[in-house]
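Peer 1: Okay, here's the prediction I keep looking at, along with the sequence it came from:
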Amino acid sequence: MLTTDLRNGYERLFASCNTVAPHEAAVGAFNKLVLSGADRYKIVEAATKVPWYVIALIHGMEADFAFNCHLHNGDPLSARTIHVPRGRPAEGEPPFKWETSAADALSYDSFLSWSDWSIAGICYKLEGYNGWGYRAHHINSPYLWSFSNNYERGKYTSDGHWDQDAVSQQVGAITALKELIDGEMIALEAEEAPQT
C-alpha cells in the first residue's frame, strides 16, 4: 500500500535526485530510446491506460528497449516467459506480439487498476514491479535510483542473491524520469486522487 510515509519518502528522493558523473551520457542515451519508442508505447497506453513513459521505463529496465522481448522480464517473445514471472502470457500461442505481451505484463502486476500516476505513484508501482527486497537492506532500490545521488551500492545480482558490494550498471528508472521531466521532454499526466 502506498502509505503517506512512502509517498513522502518518494517525493523527497525525487526532489533531491541528480544524475551523478560519469553517468550523464548513459542517462541521455537511455532517454533517447524512451522517446524513440513513444509511438509503440502509446499503443499499449491506449489499451491499458498506463502512461506511455511508464511503459517505456519498464521496457528499458527489463528488456533494454528490445521489441522482441517480453516486458515482464526481457525473455524472448518466441516463447512464454521462463524467468519470473514464468509462463506468461498464459493465453495465446507464441510467438507473441510485443504489444500483447506488454499488456499482459501490466495486467499481471496490477497496473491496469492503478490511477495514481503522480511521482510517488510511479515510484511505488515501479519499485513493486522489480521487488521490495532492497528495503530489507536499508538502501534505495537501484531499479529506481541507480546513477543518481540516491544510490551508491548493493544489488541483487540474480533472483534472491544479494551482494552488498555490487553496484548497479543500469540507469535507474526514476533517475531517467527526472531528467525527462527537468528537460521538458515529457510532462506528467494530471494527477488523480492518491490511492492508499
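Peer 2: Received, thanks.
Peer 1: Make sure I have this right: Ala90 is in a strand.
Peer 2: No - per DSSP: H, G, I helix; E, B strand; the rest coil, Ala90 lies outside any strand segment and is coil.
Peer 1: Spatially central, which residue of the chain would that be?
Peer 2: Taking C-alpha atoms, centre = their mean, the centroid of the chain lies closest to Ile58, which sits 3.6 Å from it.
Peer 1: didn't it look like it was pressed against Tyr129?
Peer 2: Yes - when contacts are counted by C-beta atoms under 8 Å, Ile58 is listed as touching Tyr129 (6.3 Å). All C-beta spots, glycine's among them, are computed from the backbone N, C-alpha and C.
Peer 1: so who does the residue nearest to the centre of the chain touch?
Peer 2: Residues near Ile58 by C-beta atoms under 8 Å, 6 or more residues apart in numbering: Leu71, Ala105, Leu126, Tyr129, Ala173.
Peer 1: which residues of this structure fall in helices?
Peer 2: Applying DSSP state H to the chain gives helices spanning 4-16, 24-36, 38-48, 52-63, 98-108, 119-130, 142-145, 173-182.
Peer 1: any idea how far Pro89 lies from Trp145?
Peer 2: In this view, Pro89 and Trp145 are 30 Å apart by C-beta to C-beta, to the nearest Å.
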